[in-house]
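J.: need a 3D model of the sequence below.
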Amino acid sequence: MNGVSALTPIAGGGFTALLGDVKALAGALRSVAGNGAICLVAAIEQAVALEMSPPGDVPYPVFASSTLAAGTVVAVASQALATIVGVPEIEASGNVAIQESTTPTGDLMTGGPIRSVYQTDTVSLRLRLPCSWATRGAGVAYVTGATW
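T.: Have a look, this model is predicted:
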């Protein structure tokens, strides 16, 4: 979304605003998407509204994102999305300390809880998957402040 201006949302809320916003997003991508697929990435509230709309009303795949602010919907033209995935790297070790936390710190000495796989006679596995993605051209459009 860097360098892309947000579209103006349709006021009034409800299904009319939902339909108007989706039409505006698709229209903004028509020169890039052509007859290709578009996917929608939306804040949780908007993703639920899109999924709950009557069958056939939203012909695009919808993905929910907890990192988008409420009222934000992003449309991506899949033909304009370039991805690259490298070779996975898998490492096994029986002699490491693991910080078992959903919010780890950079320092094993101050973070916690810490577990030594050597002392617990276990093996740790680490997977690294190098990947990157970018859009080619104007393949992204978004709206903020959706009222539905």
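
J.: ok, then the element right after the lengthiest helix in the chain?
T.: Of all the segments of type helix in the chain, defined by DSSP state H, the longest one is helix 14-33. Beyond helix 14-33 in the direction of the C-terminus, DSSP states H and E gives the next helix or strand as strand 38-43.

J.: paired strands for that following strand, with orientation please.
T.: Each strand that strand 38-43 pairs with, and the sense of that pairing, follows from DSSP bridges: strand 62-65 (parallel), strand 73-77 (antiparallel).

J.: what angle do it and helix 14-33 make?
T.: Using axes from the mean of the first three to the mean of the last three CA atoms, to 10 degrees, the direction of strand 38-43 lies 130 degrees away from that of helix 14-33.

J.: in strand 38-43, what's buried?
T.: Applying a neighbour-count criterion of 16 or more other CB atoms under 10 Å, the buried positions in strand 38-43 are Ile38, Leu40, Val41, Ala42, Ala43. Backbone N, C-alpha and C define where each C-beta goes, glycine included.

J.: now distance to Leu81 too, for the residues you listed, in TSV please.
T.: Compiled in TSV, those are given as follows (distance: CB to CB, whole Å):
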residue	distance to Leu81
Ile38	11
Leu40	13
Val41	11
Ala42	17
Ala43	20
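
J.: between these, which has the least confident prediction?
T.: pLDDT across those is lowest for Ile38, at 90.

J.: what helices and strands are in contact with the longest helix of the chain?
T.: Helices and strands touching helix 14-33, by 3 or more CB pairs under 8 Å, 6 or more residues apart in numbering; DSSP states H and E, are strand 38-43, helix 44-52, strand 73-77, strand 140-143.

J.: can you add distance to Ala92 and mean neighbour count and give the strands paired with strand 38-43 back as JSON lines?
T.: Putting those into JSON lines (distance: least, CB to CB, whole Å; neighbours: other CB atoms under 10 Å) gives the following:
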{"stretch": "strand 62-65", "distance to Ala92": "33", "mean neighbour count": "16"}
{"stretch": "strand 73-77", "distance to Ala92": "36", "mean neighbour count": "25"}
